[in-house]
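J.: Got a predicted model here, sequence first, then my questions.
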Amino acid sequence: MELWLSAALFLVVAATTALAGIRLWARPRAVLDRLAGAPEAAAWRIPTHPSLAFRDVLARLGAALPTPQKGAAQLRKMLIRAGYYQTHAVWVVQGARVLAGVALALVGAAASRDAAASDRVLAAMFGAAAGAMAPGMFISWRARRRQHRIRRGLPDALDLLVICVESGLGLDQAIAQTAKELETSHRDISRELALVHLELKTGVRRQEALRNLGERTGVADVKKLVAVLLQADRFGTGIAQSLRTHADFMRVQARQAAEEKVAKLGVKLVFPIFFCILPSLFVVTVGPMAVRMVRELLPQLRNL
């Protein structure tokens, strides 16, 4: 009897999981309609994935809240530097702030339920403040990491730009080719260069597209590269020669930064050596002698 019940339960769970997967993720009807040449209206229907329902709830909650124009502009700039270009990203962050603030406030109040009323209020206020600040701190952390990755991939992008321009391509085609070549190794800077190429294709002036690149990334090295390209385009100097000179300058600057880190390494190793390595050396070298002294000298001292 138990065997039959286990088999029936297994079949029910397997059938439910399979049906849910087919309905929510596989969607064979959409595939069959596309292969059979369904009407154009069916092709434009974009199904909403269940995993995006929570994001939609946060976006609606954030859109319903009043947001200052200046604060929304700063948050939008930080989101772009973190790699979130969607228009609803600001609303998602605002909704996440409210939801995290309420959740942490309830957690703080529940954790201090045995304390006094004033302590519970302080714990709830602290949780609400931490929850409201957490999404912004996360976005800032993602922006710093992305800027670091862009800074690391910029020398390779600059070398590719030099090669493409010297081989006879124009600056616009060189930017597009560099974005294509760096899509796997340096995805962030490839995405930024691809956005520059798309702006140029839509009719945006080159100067404005390059300025948008420096403003989006917020990286000082990218802004220097943009300034070099703008000056070369304004004064009519050779793009290839300007890029090569700037590449040599960045290579020297990177070497100097590496030498500076190496020079600081000795000072930074003082505390790890003093607190981690020297105690273990003392234990290995002085430990056996201390044990021997305790075993042999202490009994003799007691006998005296």
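T.: Cool, the structure landed.
J.: those strands in the stretch 1-150 of the chain, which residues are they?
T.: Taking DSSP state E, counting those that start in this stretch as the criterion, the stretch 1-150 of the chain contains no strands.
J.: what about it, any weak spots by pLDDT?
T.: Of all residues in the stretch 1-150 of the chain, those with pLDDT under 70 make up the ranges 1-7, 9, 18-51.
J.: Reduced to three states, what does His197 come out as?
T.: The local conformation at His197, judged by DSSP: H, G, I helix; E, B strand; the rest coil, is helix.
J.: What's the separation between the residue nearest to it when sequence neighbours are not counted and Glu208?
T.: For His197, ignoring the flanking residues on the chain, the nearest one in space by Cβ to Cβ, 6 or more residues apart in numbering is Ala176 at 4.4 Å. C-beta coordinates here come from the backbone N, C-alpha and C atoms, glycine included. Distance, Ala176 to Glu208, using Cβ to Cβ, to the nearest Å: 17 Å.
J.: and the residue most central in space within the chain, what does it touch?
T.: The structure's the chain has its C-alpha centroid closest to Arg142; by Cα atoms, centre = their mean the separation is 3.5 Å. Applying Cβ atoms under 8 Å, 6 or more residues apart in numbering to Arg142 gives the contacts Ala82, Gly83.
J.: measure it to Ala109 for me?
T.: When distance is defined by Cβ to Cβ, Arg142 is 30 Å away from Ala109.
J.: Ok, Ala100 next?
T.: 15 Å.
J.: do the same with Gly266
T.: When distance is defined by Cβ to Cβ, Gly266 is 50 Å away from Ala109.
J.: Neighbour count for those two, which is higher?
T.: Using other Cβ atoms under 10 Å, the more surrounded residue of Gly266 and Ala109 is Ala109, with 19 against 9.
J.: doesn't Ala117 make contact with that one?
T.: No: here Ala109 does not reach Ala117: they are 10.4 Å apart, not a contact under Cβ atoms under 8 Å.
J.: could I get the helix or strand containing Gly214 in PDB with only the CA atoms?
T.: Mapping Gly214 onto the secondary structure by DSSP states H and E places it in helix 206-217. What follows is helix 206-217, C-alpha atoms only, in PDB (Å, rounded to 0.1, in the frame of the first residue of the first chain):
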ATOM      1  CA  ARG A 206      30.000  62.600 -33.200                       C
ATOM      2  CA  GLN A 207      31.000  65.200 -30.700                       C
ATOM      3  CA  GLU A 208      27.700  64.700 -28.800                       C
ATOM      4  CA  ALA A 209      27.900  60.900 -28.900                       C
ATOM      5  CA  LEU A 210      31.500  60.900 -27.500                       C
ATOM      6  CA  ARG A 211      30.500  63.300 -24.800                       C
ATOM      7  CA  ASN A 212      27.600  61.000 -23.900                       C
ATOM      8  CA  LEU A 213      30.100  58.200 -23.600                       C
ATOM      9  CA  GLY A 214      32.200  60.000 -21.100                       C
ATOM     10  CA  GLU A 215      29.200  61.100 -19.100                       C
ATOM     11  CA  ARG A 216      27.700  57.600 -19.100                       C
ATOM     12  CA  THR A 217      30.800  55.900 -17.800                       C
END
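J.: Show me what it is packed against.
T.: For helix 206-217, the elements it packs on are helix 69-82, helix 187-201, helix 220-235, judged by 3 or more Cβ pairs under 8 Å, 6 or more residues apart in numbering; DSSP states H and E.
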